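In: below is the sequence, then the predicted model.
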Amino acid sequence: MALEHFDVLVVGAGLSGIGASYYLKTRCPNRSFAVFEARAAMGGTWDLFRYPGIRSDSDMYTLGYAFKPWTEAKAIADGPSIRKYVNETAAQYGIDKLIRYEHKVKRAAWDSAAARWTVDYEVGPEKAPRQVTCNFLHMCTGYYSYARGYRPHFEGEESFKGPIIEPQFWPEDLDYTGKRVVVIGSGATAMTLVPAMSDKAAHVTMLQRSPTYVVSRPAEDDFANKLRKRLPAQLAYDIVRWRNVLLGLVFFRMARKNPEKTRDGILKMVREQLGPDYDVETHFTPRYNPWDQRLCLVPDADLFDSIKAGRTSVVTDHIDHFTADGIVLKSGQTLPADIIVSATGLDMLLLSGLEVSVDGAPVNFAETFSYKGMMYSGVPNLSSTFGYTNASWTLKADLTAEYLCRLLNHMDRHGYAECRPVNDDPTLKASPWLDFSSGYVQRAMQRFPKQGDKAPWKVHQNYALDVLAFRYGRLEDGVMRFSKASSTKVAAPAPESVAEAA
């Protein structure tokens, strides 16, 4: 019996997968596609994480889709609101009917002669093995493992008599009312959990080895809310989106060009929030420059307010060992705890751990170069979404989906069956895909592709530059090689008109 076949298979029904599906439906209407989702619900990160206070750390005017205005009052939105937004988008464009839940993709094998992928996947709780074929595979599975977080072992943790919780697997029935809570970590998850839990807990302590840069901004964007009352929703949304993009680019550029001045400005704001008597030097002054790691956003200064109110505290120290009743630090201090939360980071994972082979040869992605941050040298007809480290994920997700549709339509016009980025430049210099000092990034980069020192192999963390490259750059750039359906021979680059480029 012939296998079911699609022109495009989208893997993942989170923020990226739903967005990519919209672009495929509207810009490649003649292409058949389906969406395979490993879990039982759409939403990705925003359905998986259910810990107290879960929210975005980016504004929704840039984390939202370019094609669907965000109309809620809060620009810094909570997880349920974002999940609702994703679900509404899927229903509005009929994408919800294309999603196949509990379909976990395991392996993909490319056959150049047939110009198609054979994809192995598992269905349902019983993991029944199935296969499907497709001409193009688009991975929207995020950047971390859904099955596990990064969870270091702590000396003596077996003796702790209370629960040790991982935010990625938050128990629905956890009651922390009147409990002493210690949250281990200093990233976005910890910054969210600490003030959120302080409303019910007896006290919440954020225990960190080293500080993180923290900035506060209002949860609601007054300018955006006023503009939306005076202009059509899409126009108002576009204006605010580009304003926020440009402000972010300016701030990032300033941080790179003058890190000391940026650092002083951030710390001045923290001191204004916490007062002159608080030890900002110890608890909120990192050893690295701004944007060497991602900044943490706290809406409406909620973390600072909870510290000033005495509901929470920050301790900067190293863990020596756990006891039955808490944590003993290297300094000798003891932190009493009824509940410990290990907000120690994510386990980064490329393509959700997909095993890939091309004409029978396994692909080691660590040996490939990233093409435009979305495809991989030597691997045909496979793309993936990976957002920005210095801006909202969806900005890059939208551009990636737009480029995918440009590529597919170009292949249709010229009768191409295969597109393959080829690195044959002996002068190309390799560097890590992400230039970020965060622990979760450093732990994983040896498993990820490399980036080069020149286009199209260089990964720009710059939305404005990517708009030009993804929307208007040449598809026939000498690096992307196209082949006809009847042969794997590389086709000569076809002349690209101004209309095609646009």
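Out: Sure, I can see it.
In: for burial, what's the neighbour tally of Val328?
Out: 16 (other CB atoms under 10 Å). Bear in mind the C-beta positions are built from the backbone N, C-alpha and C, glycine included.
In: residues in contact with it?
Out: Val328 makes contacts with Ile319, Asp320, His321, Phe322, Thr334, as judged by CB atoms under 8 Å, 6 or more residues apart in numbering.
In: and it, bridged to which residues?
Out: Counting by DSSP bridges, Val328 is bridged to His321, Thr334.
In: any idea how far it lies from Met42?
Out: As for Val328, its distance to Met42 is 44 Å (criterion: CB to CB, to the nearest Å).
In: now do Ser438
Out: Taking CB to CB as the criterion, Ser438 is separated from Met42 by 28 Å.
In: before we move on, what about Ala128?
Out: In this view, Ala128 and Met42 are 21 Å apart by CB to CB.
In: mind checking which of those two has more residues around it?
Out: Set side by side, Ala128 and Met42 show unequal neighbour counts under other CB under 10 Å, the larger going to Met42 at 24 against 10.
In: how many neighbours does Leu297 have?
Out: The number of residues packed near Leu297 is 20, by other CB under 10 Å.
In: please enumerate the strands of the stretch 301-450 of the chain.
Out: Secondary structure of the stretch 301-450 of the chain, counting by DSSP state E, counting those that start in this stretch: strands at 312-316, 319-323, 326-329, 334-336, 339-342, 346-348, 355-358, 361-362, 370-371, 375-376, 382-384, 416-421, 431-432, 450-451.
In: between those, which one is closest to Pro211.
Out: Nearest to Pro211 among the strands of the stretch 301-450 of the chain is strand 312-316 (6.4 Å), distances taken as CB to CB.
In: and the closest one, what does it pack against?
Out: Strand 312-316 makes packing contacts with strand 203-208, helix 280-283, helix 302-308 when contacts are defined by 3 or more CB pairs under 8 Å, 6 or more residues apart in numbering; DSSP states H and E.
In: quick check: chain neighbours aside, which residue is closest to Glu72?
Out: The spatial neighbour of Glu72 that comes closest, neighbours along the chain excluded (CB to CB, 6 or more residues apart in numbering), is Ser81 at 6.0 Å.
In: the one you found: how many residues sit nearby?
Out: The number of residues packed near Ser81 is 15, by other CB under 10 Å.
In: part of a helix, is it?
Out: Yes. Using DSSP: H, G, I helix; E, B strand; the rest coil, the secondary structure at Ser81 is a helix.
In: that one and Ser56, how far apart?
Out: As for Ser81, its distance to Ser56 is 9 Å (criterion: CB to CB).
In: please pull out the lowest mean pLDDT helix or strand from this protein.
Out: The weakest-scoring helix or strand in the chain, judged by mean pLDDT, DSSP states H and E, is helix 498-501 (a mean of 30).
In: need the residues that contact the longest helix along the chain.
Out: Of all the segments assigned as helix in the chain under DSSP state H, the longest by residue count is helix 233-257. Contacts with helix 233-257, where a contact means CB under 8 Å, 6+ apart, come from 59, 61-62, 64, 66, 69-71, 221, 223-224, 227-228, 230-231, 261-262, 289-291, 390-391, 395, 461-464.
In: average pLDDT for that helix?
Out: For helix 233-257, mean pLDDT is 93.
In: what is the next helix or strand after that helix packed up against?
Out: Of the helices and strands lying after helix 233-257 in sequence (DSSP states H and E), the nearest is helix 259-274. Using 3+ CB pairs under 8 Å, 6+ apart as the contact criterion, the neighbours of helix 259-274 among helices and strands are strand 214-217, helix 233-257, helix 280-283, helix 302-308.
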